[in-house]
Each structure stands twice: as structure tokens, then as C-alpha cells.
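**Q** what's the 3D shape of this:
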Amino acid sequence: MNFPSPLKVSEIAELLKAECFGSIDLEIFGLNEIHRIKKNELVFVDHPKYYDTALNSDASCIIINQKVDVPKGKAIIVSSNPFGDFNFLIDKFYQFVPSKLAIADTAEIGKGTILQPNVFIGENVTIGQNCVIHAGVIINNNCQIGNKVIIHPNTVIGGEAFYYKKQNGTYERLKSCGRVIIKNNVEIGANTTIDRGVTSDTIIGKGTKIDNLVQIGHDTEIGENCLIASQTGVAGCVTIKNNVTLWGQVGISSGLTLNEGSVVYAQSGVGRDLDENTSYFGSPADVAKVKMKELAALKRLPELLNKKG
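**A** As a prediction, this is how the structure comes out:
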């Protein structure tokens, strides 16, 4: 999320009533989640296990709950509650605009696009030309839909991210201020959910086809011409490169990269990055040829045990 105009680190610290150290005159353009952070942006960290990751990331400013050595050219803001202060900044600079109409006055709908009954289009949504948005589809605020996109019934685009932290015995949500961007020639099945980014964008690349009953998590970026089958769940901050295929009921853990041309067979659970042009199977997923040999060996286990006996 970008601020309306750049703020100095010292100005942000003043807003948070916190101390700052390091290059406090640095201009910060906005804030972001650690997996998508860029230079001149702010990130938060509140656990020593992740201090080094945040301090050595591309972030120019880090809200942190302990004073530490500041890397050269960066700044820190020391806060007793970095998570809460991050949410405070989102609330201050990102205003939720409630809709009064089923299709908001601020929405832009391209020529030749068909909206079926009971569609909801939120504030500042843009939809390109020659799209078909079927009955019951919800497209929440600030989402961008390209040309020739088909979205089947009861799909939700731009719901809140599933991102929580346990605070004082209860779970508190990290507020979402990102968007969903769907490129040209994408087709999305019925009852699919695509969450908006927490602070960045969830992106579906050109020509990608998504089946019914698929969940795409926040800040995930899916490349061009991918194929994702039913009941697949993709966690947040996943990077899926071009021409990747995920068959039914695949699960993808957060923060992973699935490189170009990789294929994951049905009911597999992916917990590590995948190599390009390689097929995977199993839970935990491994190279399909290796996994199939393991299964073949397991089938022989009773026979081998009987021989040994």
C-alpha cells in the first residue's frame, strides 16, 4: 500500500508516538508484507526469530519491538506493538468505502461486458471489455479485471486476507488494503475465492484457467497460462510462474515458488519450492518418478517381511 505522499521515517514515528533510529530522514512511500517488500517501504517484525529476515530485506524502514543495530542506509521504529502499529497505519491511510449500490457509481465497466443478475461490483472496480460476470459474483473494492474474462457464479474476488496473529489470547486480523488484479483472457470457475493482498496485489496472469471451488490466498502471484483444478488451495504469498498445472485437491504452503512448467498431481501437498518443467506427486510432494518408485517399493514390503520371517 502506498501512502498518499511520501513520509519521512521521523514523521511515521511521530504518528506512532515511538522512537526511531538510523536514517530517520529517509522517505517511505508505503508499507508492505515481508514477502513482497520493496525499497522505500516499511515492514513490521515482532519476533527475534525473524529480526534478521526483516532487517536484511529490501525494506528501508522496519517497525520492531526491540532496539537493535540498524543496517546502513535503513531506519527502525521501536514499538511495543509492531503488529498493532502496522494496522494503525493501514487504518489511517486506507479508508474502506461502503457501497450503497449493487454496482457502485465509481465502477468502470468496459464495452461489451455482460453482468448477470445479482452481481455485486464494489467501489473503484475496473472491468475490461467483452467480459462475462455470472450471477452472484462479488467483486470487492479496487479490484481490476482485464478484457475477455469469464467469472462463473458465486465466486468472490477481493475478500479479506486470512492473516491473523495471536494477541493476548485472541486472534487479531492484519487488515487488508491490497487488491486483486486479473489479467486478460482469464476464466474462473464457480464458488472460487481469490483474496486481495494484505498490502500488495494478488495477481492472476493472462490466459490462466481456474476451476470451481479453488481458494487463492493473499498476495499470491499466478503467471500466464496456468491451469488450476477444483478444490485446490493456494496459501498466501505464493509465486506461481507461467504454464504451471495444479490438478485437483492440491495444497500449496505459504511463501513458496512454483517454477515455470511444473506440474503437481492430484491430492499432493507442496511444502517446498518446485523446479521448472518437473512433475510432482504425494504429500509431502516429491518428484513424481521418485514418489512412484517409493510406492512400488512399499507394495512389496509385506512380501519382503514374509520372506524374512
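**Q** for this structure, longest strand please?
**A** Counting by DSSP state E, the longest strand found in the chain is strand 2-8.
**Q** which residues touch it?
**A** Ile24, Asp25, Leu26, Glu27, Ile28, Phe29, Gly30, Leu31, Asn40, Phe93 (CB atoms under 8 Å, 6 or more residues apart in numbering). All C-beta atoms are positioned from the backbone trio N, CA, C, and that covers glycine.
**Q** who does it pair with, and is each partner parallel or antiparallel?
**A** Sheet pairing for strand 2-8, assigned by DSSP bridges, gives strand 27-31 (antiparallel).
**Q** for burial, what's the neighbour tally of Ile188?
**A** For Ile188, the neighbour count with other CB atoms under 10 Å is 27.
**Q** ok, of the contacts of strand 2-8, which come out buried?
**A** Ile24, Leu26, Ile28, Phe29, Gly30, Leu31, Phe93 (16 or more other CB atoms under 10 Å).
**Q** separation between the third one and Thr232?
**A** I take that to be Ile28. 37 Å (CB to CB, to the nearest Å).
**Q** just the first one next, same as before
**A** For Ile24, the distance to Thr232 (CB to CB) stands at 45 Å.
**Q** again with Gly158
**A** Taken as CB to CB, the span from Gly158 to Thr232 is 19 Å.
**Q** okay, domains of this structure per the record?
**A** Residue ranges for the domains of the chain, per automatic domain parsing: 2-93, 108-292.
**Q** I'd like these as TSV, with mean pLDDT appended.
**A** Formatted as TSV, the domains of the chain follow (pLDDT from 0 to 100):
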stretch	mean pLDDT
domain 2-93	96
domain 108-292	97
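**Q** now those as CSV including distance to Asn306?
**A** Below are these laid out as CSV (distance: least, CB to CB, whole Å):
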stretch, distance to Asn306
domain 2-93, 48
domain 108-292, 24
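**Q** between those domains, which one is nearest to Ser99?
**A** Across the domains of the chain, Ser99 has its closest neighbour in domain 108-292 (5.6 Å, CB to CB).
**Q** distance between the ends of that closest one?
**A** 51 Å (CA to CA, to the nearest Å).
**Q** got the contact list for Ile66?
**A** Rather than Ile, residue 66 is Gln. So Gln66 contacts Pro48, Tyr51, Val78 (CB under 8 Å, 6+ apart).
**Q** and these, which is closest to Asn130?
**A** Using CB to CB, the contacts of Gln66 come closest to Asn130 at Tyr51, 49.8 Å.
**Q** quick check: the gap between that closest one and Asp219.
**A** From Tyr51 over to Asp219 (counting by CB to CB), the distance is 22 Å.
**Q** the more surrounded of the two?
**A** The neighbour comparison of Tyr51 against Asp219 (other CB under 10 Å) goes to Asp219, with 28 against 16.
**Q** so that one makes contact with Arg179?
**A** No: Asp219 is not in contact with Arg179 according to CB atoms under 8 Å; the separation is 10.3 Å.
**Q** buried set for the longest strand of the chain?
**A** Asn2, Phe3, Leu7, Lys8.
**Q** okay if I get those residues as JSON lines plus distance to Ala59?
**A** JSON lines is the format used below for these (distance: CB to CB, whole Å):
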{"residue": "Asn2", "distance to Ala59": "15"}
{"residue": "Phe3", "distance to Ala59": "15"}
{"residue": "Leu7", "distance to Ala59": "15"}
{"residue": "Lys8", "distance to Ala59": "15"}
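**Q** for the most centrally placed residue in the chain, phi and psi?
**A** Nearest residue to the geometric centre of the chain (CA atoms, centre = their mean): Asp219, 2.0 Å. Main-chain dihedrals, Asp219, degrees, to the nearest 10: phi 60, psi 10.
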